[in-house]
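Student: quick check, what structure comes out for this input:
(4 chains)
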Number of protein chains: 2
Amino acid sequence: MYLKLATTAEPHIEPNQPTNDADCNPDRRFYQRLNVGQHLFHEGDEAEHVYEVERGMLRLARVMENGRRQIVAFALPGDIVGFPEGDVHHTDCDAITDSVVEGYRRTALDVCNPNPELHRRLTRAALHEICAMQDHFMMLSSKSAAEKIASFFTTLADRIGQPCADGIHVDIPMRRVDIADFLGLTTETVCRMITKFRKAGLIRLETAQKAIVTDLAGLRARAEPE
Amino acid sequence: MYLKLATTAEPHIEPNQPTNDADCNPDRRFYQRLNVGQHLFHEGDEAEHVYEVERGMLRLARVMENGRRQIVAFALPGDIVGFPEGDVHHTDCDAITDSVVEGYRRTALDVCNPNPELHRRLTRAALHEICAMQDHFMMLSSKSAAEKIASFFTTLADRIGQPCADGIHVDIPMRRVDIADFLGLTTETVCRMITKFRKAGLIRLETAQKAIVTDLAGLRARAEPE
DNA sequence: CGCATCGTTGATCAATTTCAATGCCGGTGG
DNA sequence: CCACCGGCATTGAAATTGATCAACGATGCG
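Tutor: Residues are numbered from 1 along each chain as shown, chains lettered A, B, ... in the order given. Modelled structure (predicted):
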């Protein structure tokens, strides 16, 4: 399982450990592999790096003292995670599936040198993040449960859907409670909405983690009101 | 009214217009005055500048096609607004009270030169913004109406409260519907919660826009569950 | 095979929205 | 100067959504 995911084509993949400094290429970037459940960083950790997801899926979460939890984002390949506040990570981040991330020294965020191109890319990513989070505000505060689940599925289909015979195959590696904590619902409500869309013929479930979106347009129509 | 707000102490204050390029100081920053209701920028506008609020209060909003609106933030002095996505603003921004902002060329976000200090500050502000928005996720998705309103008031008291004889005087220049759209509630619920806290002796209203927080600790206790 | 965890469904309950009416206040024009 | 008007705030009653509580089913792992 572990080996299946790794490919020899990737340079600098270290088993679960960042490359030590001496081995770094000039930009000091490195690859890191994460198994399911492994943490990339915790809330409060000193932020040494920011990461780009190469493969897999990560979960960014915040927990309140009283235990209430908010999933801030699910990070997919191409996403950048680990933007610090001050010098500290302000979310937990762990792997939902076996994953590979590319790490950049956190200082690449602060200063142009030695790699202005990277600096620029990270800055853009941070701005993009702000915009994406504003979208999620709409999701959280002005959508019904059905709209939230419909949006969630269309987004997933758009980003990681695989066209197949009878629609779009979508892997749902996160658990129902993660979806709930991401959307501001309960697991029960998530289930009920999924069942509802299933009975309405918009999706089909092979297993709880494997769905086929059979009517993407219908799903999209339910993602927005009116 | 207009004149009352302006002070001769501020350099470069232009009446509702950015200074033209020829007049710019080396960093190309300038001051701009906004009257109540005036827009600083609209969603979709080319993002020429980012702004730091000097005085007053701004409202950042997003509107969906169907008319549902999300207040993304209320910006107070010291806050930076106008972070673009790509090269475009992705919120509307207008003044809730007469305000003054300082504008920086948007390129200060992208490149270190000519002012690395400013670039760094803006970058930090963007990262801070990401963190603040994650806090707001918690607010939107896992707090009750009472907790939301209590949090809102304590934040307001902390940021713009004026100690006075019987507590902390807090101006509430935004309308109830703005508060509602910020917190993901309806105006009616906002009113009811305010009334509830009023009857509980935590706050007092001089007018709908002027409150006195008489029991900040009590309010704080209701901002978090348990 | 049995246990633990996760997912699903049903019934009830509570919180918030919705709908409706009234109050309040500032501005405007007679 | 005062009465009216319009927008905003507030309150009440009914309706609805989603949460909670409880049980059961499925799945995977030791």
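Student: CA atoms for contacts and neighbours, from now on please.
Tutor: OK.
Student: quick one: the strands in chain A, in order.
Tutor: Secondary structure of chain A (DSSP state E): strands at A:13-14, A:30-34, A:39-41, A:49-55, A:58-63, A:69-75, A:80-81, A:92-95, A:99-105, A:162-164, A:167-171, A:203-207, A:210-213.
Student: partner strands of the second one, with direction?
Tutor: Same thing as strand A:30-34. Strand A:30-34 pairs in its sheet with strand A:13-14 (parallel), strand A:99-105 (antiparallel), by DSSP bridges.
Student: check what pLDDT A:Lys4 gets.
Tutor: pLDDT recorded at A:Lys4 is 27.
Student: now A:Asn115
Tutor: A:Asn115 is given a pLDDT of 89.
Student: ok, it touching A:Ala108?
Tutor: Yes - counting by CA atoms under 8 Å, A:Asn115 does reach A:Ala108; the two are 7.3 Å apart.
Student: tell me which of these two has more neighbours.
Tutor: A:Ala108 (23 against 12; other CA atoms under 10 Å in any protein chain shown).
Student: tell me which parts of chain A are close to chain B?
Tutor: Contact residues (CA under 8 Å from any CA of the partner chain) of chain A with chain B: A:66, A:68-70, A:72, A:83-86, A:90, A:109-112, A:120, A:123-124, A:126-131, A:133-134, A:137-138, A:140-142, A:183-185, A:225-226.
Student: for PyMOL, what selects the buried ones among those?
Tutor: Applying 16 or more other CA atoms under 10 Å in any protein chain shown to the residues of chain A next to chain B leaves a buried subset, and the PyMOL line that selects it is:
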select buried, chain A and resi 69+70+72+83+84+85+90+109+110+111+112+120+123+124+126+127+128+129+130+131+133+134+137+138+140+141+142+183+184+185
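Student: filtering the residues of chain A next to chain B by proximity to DNA strand D, which remain?
Tutor: With CA under 7 Å from any atom of the strand as the criterion, the residues of chain A next to chain B include A:Gly184, A:Leu185 near DNA strand D.
Student: how near is the nearest residue to A:Pro163 once chain neighbours are set aside to A:Ile96?
Tutor: Residue nearest to A:Pro163 in three dimensions, not counting chain neighbours: A:His169, with 6.0 Å by CA to CA, 6 or more residues apart in numbering or on different chains. Between A:His169 and A:Ile96 the computed distance is 18 Å (CA to CA, to the nearest Å).
Student: what of A:Met138?
Tutor: According to CA to CA, A:Met138 and A:Ile96 sit 25 Å apart.
Student: where do the helices sit along chain A?
Tutor: Counting by DSSP state H, chain A has helices at residues A:2-5, A:107-110, A:116-142, A:145-160, A:176-183, A:187-199, A:216-223.
Student: what about the last one, average pLDDT?
Tutor: Averaging pLDDT along helix A:216-223 gives 97.
Student: show me what counts as buried in it.
Tutor: A:Leu216, A:Gly218, A:Leu219, A:Arg220, A:Arg222, A:Ala223.
Student: how distant is that helix from the center of its chain?
Tutor: With CA atoms, centre = their mean, to the nearest Å as the basis, helix A:216-223 stands 22 Å off its chain's centre.
Student: quick one: work out the angle between it and strand A:167-171.
Tutor: Put simply, helix A:216-223 runs at 60 degrees to strand A:167-171, going by axes from the mean of the first three to the mean of the last three CA atoms, to 10 degrees.
Student: touching DNA strand D at all, helix A:216-223?
Tutor: No - using CA under 7 Å from any atom of the strand, helix A:216-223 stays clear of DNA strand D, coming no nearer than 11.9 Å.
Student: residue nearest the centroid of chain A?
Tutor: A:Ala75 (1.6 Å; CA atoms, centre = their mean).
Student: shouldn't that one be in contact with A:Arg55?
Tutor: No - checked against CA under 8 Å, the pair A:Ala75 and A:Arg55 is beyond contact range at 9.8 Å.
Student: may I ask which helix or strand of chain A has the lowest mean pLDDT?
Tutor: helix A:2-5 (a mean of 26; mean pLDDT, DSSP states H and E).
Student: look up the closest residue to A:Arg59, ignoring the ones flanking it.
Tutor: Using CA to CA, 6+ apart and skipping residues adjacent in sequence, the residue nearest A:Arg59 is A:Phe74, 4.8 Å away.
Student: run through the residues that contact that neighbour.
Tutor: Taking CA atoms under 8 Å, 6 or more residues apart in numbering or on different chains, we find A:Phe74 in contact with A:Met57, A:Leu58, A:Arg59, A:Leu60.
Student: distance check, it against DNA strand C.
Tutor: To DNA strand C, A:Phe74 is 15 Å away according to CA to the nearest atom of the strand, to the nearest Å.
Student: and the pLDDT at that residue?
Tutor: We have a pLDDT of 98 for A:Phe74.
Student: okay, and the beta partners of the closest residue to A:Met138 other than its chain neighbours?
Tutor: Nearest residue to A:Met138, sequence neighbours excluded (CA to CA, 6+ apart): B:Gln70, at 6.1 Å. Using DSSP bridges, the bridge partners assigned to B:Gln70 are B:Arg62.
Student: re earlier: show me what contacts the residue nearest to A:Pro163?
Tutor: Contacts of A:His169 (CA under 8 Å, 6+ apart): A:Ala157, A:Gly161, A:Gln162, A:Pro163, A:Lys210, A:Ala211, A:Ile212, A:Val213.
Student: cool, and A:Glu147?
Tutor: Counting by CA under 8 Å, 6+ apart, A:Glu147 touches A:Arg222, A:Ala223, A:Glu224, A:Pro225.
Student: hmm, try it at 7 Å
Tutor: A:Arg222, A:Ala223, A:Glu224 (CA atoms under 7 Å, 6 or more residues apart in numbering or on different chains).
Student: dihedrals phi and psi, A:Pro84?
Tutor: Backbone torsions for A:Pro84, taken as degrees, to the nearest 10, come to phi -90, psi 160.
Student: is it true that it touches A:Ala47?
Tutor: Yes - using CA atoms under 7 Å, A:Pro84 makes contact with A:Ala47 at a distance of 6.1 Å.
Student: so how far is chain B from the closest residue in space to A:Arg106 that isn't next to it in sequence?
Tutor: In space, and not counting its chain neighbours, A:Arg106 is closest to A:His49: 4.2 Å by CA to CA, 6+ apart. To chain B, A:His49 is 14 Å away according to CA to the nearest CA, to the nearest Å.
Student: many thanks, we can stop here.
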